[in-house]
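>>> Fold the following for me, if possible:
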Amino acid sequence: MPLAKFRYIPAPEPENHAAPRLAEHDDLFVASPVHHLQSGLSVFEELAPPLADDRYPGWFRLGFPLAASAAMWGVILWGVGLLR
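Below you'll find the model as predicted:
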């Protein structure tokens, strides 16, 4: 037996609902929880030390993690071979 076909008819939106809009020049600032969190995080940006030029060279910063990972995998595979 075929099912009855239903048609969705959305309810009309009220005309006085809140809608997003661009801020005007004379709008007042509204402090929201997001603004409060952002102001708390801005303290960390001010206290962050500037980037120094005495960092490790790029080849070392890329090569060391790759070599360490290869060494660790070697140790893991060697250890699994011992258990066999």
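>>> mind checking pLDDT for residue 74?
Note on residue 74: pLDDT of 92.
>>> From the structure, what's the count of residues near it?
For residue 74, the count of nearby residues is 10 (other Cβ atoms under 10 Å). All C-beta spots, glycine's among them, are computed from the backbone N, C-alpha and C.
>>> Can you report how many residues neighbour residue 79?
Burial of residue 79 is recorded as 9 neighbouring residues (other Cβ under 10 Å).
>>> three-state assignment of it?
Per DSSP: H, G, I helix; E, B strand; the rest coil, the local secondary structure of residue 79 is helix.
>>> where does residue 42 land in three-state SS?
helix.
>>> which residues sit against stretch 36-45?
Taking contacts as Cβ atoms under 8 Å, 6 or more residues apart in numbering, no residue outside stretch 36-45 touches it.
>>> and that stretch, which residues are buried?
Neighbour counts using 16 or more other Cβ atoms under 10 Å place no residue of stretch 36-45 among the buried ones.
>>> Okay, now the unreliable bits of this protein?
1-3, 46-53, 83-84 (pLDDT under 70).
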